[in-house]
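[1] Just to be clear, the model below is a prediction. Sequence and coordinates:
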Amino acid sequence: MNLPFSPQPKSWFWAVWGLVCVNAVLSLALRRSYLLTAVGDFTQCLLLLAAFGFIAGNVPRTEGRTRLFWMLLSLGCGMWLSAQVLWTFFEVYLRKEVPNPFVGDIILFLHEVPIMGALAVRPHIERDEQADRLGVVDFVLLLVWWLYLYLFLVIPWHYVSFNDQLYGKSFDVLYFAEHVVVVIAVALAWWRSKGGWRTVYGHLFGAALVYALASVTSNVAINLGKYYTGNLFDVPLLAAMAWFAGVGAVGGRTKVRTGVQPEAGTAQSAWISWTAMVARLSLPIMAGWAIYGGQAPSEVRNFRMLLTLCVMLLMGALASLKQARSDEELAQANVDLREASLSDLLTGARNRRFLTVSISADIQQVLRAYSGEADPESRRNRDMIFYLIDADHFKEINDHYGHDTGDEVLVEMARRISSAIRNSDVLIRWGGEEFLVLSRYTDRENATALAARVLAAVGGESFTVKGGHTIRRTCSIGWAAFPWFTEHPDTVRYEEVLRLADCALYEAKRIGRNQAVGMLPVGNEPVAVPPRPAEDTPDRSVTHFPVQTVVIQGPQILRADSPVTVAGSKVVPIS
């Protein structure tokens with residue numbers, strides 16, 4: 001999408017500066033007349049229209065905070081244009097001197113606030129959404145503050161106690177202060193930026209500086225009675241308008257995008273917040289001035305005091321809104337941080353810390369369900385089952401394809417396991433290529449069904465990785481149920497049951513992999529037996545109870561395109 005003043009055609013750009021040159025020649029060649037006034041006013045309108053068009057032409061081609069930057073900048077130029085149109089209406093259409101005070105002064109004064117807002121957006125800096133949302137409130141606070149200063153210092157001499165000299169003096173001082181703030185803000189942005197943004201900010205600094213100097217020069221000429229529209233004092237102002245159009249043209253030719261450089265520091269990132277805070281703190285000082293300062297008439301004092309009280313309420317409400325948003329963001333950040341601390345960064349599954357934090361409540365839930373006071377309904381789905389899942393021959397993937405491919409397989413494996421378990425179950429990255437599924441609110445009689453689903457989900461299809469490679473991998477599972485003895489649920493701790501699941505996983509690996517082995521007690525009484533020799537299960541000689549194993553074979557793959565079948569289970573007692 002291109003606007004009529006899109007900066008692509010260079011003829012538009014040279015036409016803008018041609019208008020400046022023509023007006024300069026006419027200022028030298030013609031004396032003060034209606035024709036010169038009309039040419040000067042229309043030239044300013046055309047230049048501001050060009051500036052608005054060139055800058056607004058960048059809006060549809062950008063996105064994010066870069067688009068907001070150009071939108072605010074075009075809004076400032078649009079307000080400037082509307083004030084100039086009102087000026088032209090008086091001088092050209094009505095053929096009258098522009099009155100002082102001028103109705104368009106407030107528009108002319110406020111048109112630089114969106115320019116400040118564009119600089120506060122800082123599209124060249126990497127910022128998060130939270131900072132952007134809070135920055136909107138700070139910008140509104142500054143907008144209210146500048147409007148308050150205008151109403152406090154200028155408006156009383158127009159509508160409350162008319163005094164054209166004090167009105168003009170107050171407006172000039174405040175308008176000059178606004179120019180200084182804009183020039184300093186652009187200079188800082190130019191100094192701290194890089195690449196294409198440095199070019200854009202450099203031209204914006206030049207335009208803002210020339211505009212500030214032109215405004216000061218024109219005000220001095222007005223006070224000396226030597227200014228009229230179309231004279232040489234307008235040439236710097238026309239140059240500033242043309243340069244603003246150049247900012248839009250440069251922005252269209254230069255590749256600029258949001259967040260191209262990191263944040264420069266906390267102090268720099270918080271300057272708008274500090275400015276907004278200073279604006280709020282200035283209100284009591286302004287109220288004291290309204291009561292005790294100067295020689296203003298009583299009606300002006302009363303107006304200023306009432307205005308300050310109203311603005312205090314408004315800015316207090318905005319500050320409360322910002323604080324509420326900040327508290328909400330902080331609460332969400334704490335939730336996100338907690339979630340991150342309990343989750344595995346690679347697979348998105350929970351981590352071991354999650355088990356440490358949450359297992360106590362789950363254990364208490366199981367023990368209550370097995371207590372004598374439990375109602376009949378709560379005696380269903382009382383068990384908690386630990387499934388330890390380990391990828392078979394995973395080291396070969398890392399050795400042959402690299403660790404990046406291994407990570408891909410782990411991520412996909414976690415996804416497949418998640419699809420095979422219930423919503424109430426928890427998937428935990430236990431370490432390396434090993435996962436733990438904590439199955440809650442279930443019955444041990446149904447434990448084999450979940451194990452069979454996981455075996456089929458992991459080994460039923462090939463893993464497709466980068467480069468178009470397909471890798472077939474299965475997994476081995478070991479599981480055990482808590483409580484170990486249903487009649488004596490608090491006899492064996494959950495840590496021992498987890499070790500039994502680890503023994504079952506070792507057994508699944510030992511007898512051929514691609515199968516699930518579950519361990520269940522023989523009988524329901526806690527009768528201890530001597531541990532098995534360490535050579536039977538190295539480093540896993542923790543089974544001090546008579547147990548039996550339930551074995552489920554994994555998917556049997558005959559061909560790459562053959563259907564997946566899962567064998568039945570068998571119970572093998574271990575004496």
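    Sure, I can see it. From a predicted model like this one, the values you see are computed outputs, not experimental measurements. Numbering: from 1, shown residues only.
[2] quick one: residue 456 and residue 40, what's the gap?
    Computed as CB to CB, to the nearest Å, the residue 456 to residue 40 distance reads 83 Å. Every residue, glycine included, has its C-beta placed from N, CA and C.
[3] Settle it for me: which of these two has more neighbours?
    Ranked by neighbour count (other CB atoms under 10 Å), residue 456 and residue 40 place residue 40 first, with 25 against 17.
[4] Neighbouring strands of the helix or strand hosting residue 440 in the sheet, and parallel or not?
    Using DSSP states H and E, residue 440 sits in strand 434-442. For strand 434-442, the pairing partners within the sheet under DSSP bridges are strand 383-391 (antiparallel), strand 426-431 (antiparallel).
[5] so residue 178 makes contact with residue 112?
    Yes - counting by CB atoms under 8 Å, residue 178 does reach residue 112; the two are 5.2 Å apart.
[6] what mean pLDDT would you report for stretch 444-458?
    The average pLDDT for stretch 444-458 rounds to 93.
[7] One more: stretch 317-326?
    Average pLDDT, stretch 317-326: 84.
[8] Only the buried residues of it, if you could.
    Using 16 or more other CB atoms under 10 Å as the test for burial, stretch 317-326 gives 318, 319, 322.
[9] mind listing what the first one touches?
    By CB atoms under 8 Å, 6 or more residues apart in numbering, the residues touching residue 318 are 137, 140, 141, 144.
[10] how close does it get to residue 121?
    Distance from residue 318 to residue 121, by CB to CB: 18 Å.
[11] Take the buried residues of stretch 317-326 and write them to JSON lines, including distance to residue 418 and secondary structure.
    JSON lines is the format used below for those (distance: CB to CB, whole Å; DSSP: H, G, I helix; E, B strand; the rest coil):
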{"residue": "318", "distance to residue 418": "45", "secondary structure": "helix"}
{"residue": "319", "distance to residue 418": "45", "secondary structure": "helix"}
{"residue": "322", "distance to residue 418": "40", "secondary structure": "helix"}
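[12] For these, could you give me CSV that also reports distance to residue 439?
    Below are these laid out as CSV (distance: CB to CB, whole Å):
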residue, distance to residue 439
318, 51
319, 50
322, 46
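[13] Of those residues, just say which sits nearest to residue 192.
    The closest of the buried residues of stretch 317-326 to residue 192 turns out to be residue 322 (CB to CB; 24.8 Å).
[14] per-residue confidence averaged over stretch 305-313?
    For stretch 305-313, the mean per-residue pLDDT is 94.
[15] same question, stretch 57-67
    For stretch 57-67, the per-residue pLDDT averages 89.
[16] ranges for the helices of the stretch 301-450 of the chain?
    Ranges of helices within the stretch 301-450 of the chain are 352-369, 394-401, 403-420, 447-459, based on DSSP state H, counting those that start in this stretch.
[17] Looking at those helices, which one is packed in the most?
    helix 447-459 (a mean of 21; mean count of other CB atoms under 10 Å).
[18] for the helices of the stretch 301-450 of the chain, which one sits closest to residue 227?
    helix 403-420 (70.6 Å).
[19] got the contact list for the closest one?
    Where contact means CB under 8 Å, 6+ apart, the residues beyond helix 403-420 that reach it are 346-349, 389, 391, 394, 397-398, 427, 429, 433, 435, 437, 450, 453-454, 456-458, 463, 465-466, 469, 471, 473, 475.
[20] okay, the angle between that helix and helix 394-401?
    140 degrees (axes from the mean of the first three to the mean of the last three CA atoms, to 10 degrees).
[21] Check the offset of helix 403-420 from the chain's centre.
    28 Å (CA atoms, centre = their mean, to the nearest Å).
[22] same check, this time on stretch 467-483
    On CA atoms, centre = their mean, the centre of stretch 467-483 falls 37 Å from that of its chain.
[23] Any buried residues in that stretch, and which?
    Buried residues in stretch 467-483, counting neighbours by 16+ other CB under 10 Å, are found at 471, 473, 474, 475, 476, 477, 478, 479, 480, 481, 482, 483.
[24] Just the ones of those residues in strands?
    471, 475, 476, 477, 478, 479, 480, 481, 482 (DSSP state E).
[25] I figured residue 290 was touching residue 306, is that so?
    No - between residue 290 and residue 306 there is no contact under CB under 8 Å: 9.1 Å.
[26] Looking at the two, which has the bigger crowd around it?
    Set residue 290 next to residue 306 and count neighbours by other CB under 10 Å: residue 290 wins out with 22 against 11.
[27] quick one: contacts for that one?
    152, 296, 301, 304, 305, 308.
[28] Tell me how far it lies from residue 110.
    Distance from residue 290 to residue 110, by CB to CB: 22 Å.
[29] do residue 334 as well
    Relative to residue 110, and taking CB to CB, residue 334 is found at 39 Å.
[30] Looking at these two, which has the bigger crowd around it?
    Between residue 334 and residue 110, residue 110 has the larger neighbour count (other CB under 10 Å), namely 18 against 10.
[31] That one and residue 247, how far apart?
    Using CB to CB, which is the criterion applied here, residue 110 is 20 Å from residue 247.
[32] One more: residue 16?
    Noted for residue 16: a distance of 12 Å to residue 247, by CB to CB.
[33] repeat for residue 146
    22 Å.
[34] Give me the more crowded residue out of these two.
    residue 247 (27 against 20).
[35] I figured that one was touching residue 205, is that so?
    No - using CB under 8 Å, residue 247 is not in contact with residue 205, being 9.6 Å away.
[36] Point out where the stretch 1-150 of the chain drops to low pLDDT.
    1-13, 126-135 (pLDDT under 70).
[37] Kindly report the same for the stretch 201-350 of the chain.
    Within the stretch 201-350 of the chain, the ranges that satisfy pLDDT under 70 run 258-272.
[38] from the buried residues of stretch 467-483, which is closest to residue 508?
    Out of the buried residues of stretch 467-483, the member with the shortest distance to residue 508 (by CB to CB) is residue 476, at 4.1 Å.
[39] how much space between the closest one and residue 204?
    Distance from residue 476 to residue 204, by CB to CB: 65 Å.
[40] next one: residue 138
    According to CB to CB, residue 138 stands 21 Å off from residue 204.
[41] Can you give me every residue that contacts residue 244?
    By CB under 8 Å, 6+ apart, the neighbours of residue 244 are 51, 55, 77, 207, 211.
[42] Can you tell me the number of residues neighbouring the second one?
    Residue 55 is surrounded by 30 other residues when neighbours are defined as other CB under 10 Å.
[43] in which helix or strand would I find it?
    Short version, using DSSP H and E: residue 55 is in helix 34-56.
[44] so what pLDDT did residue 174 get?
    91.
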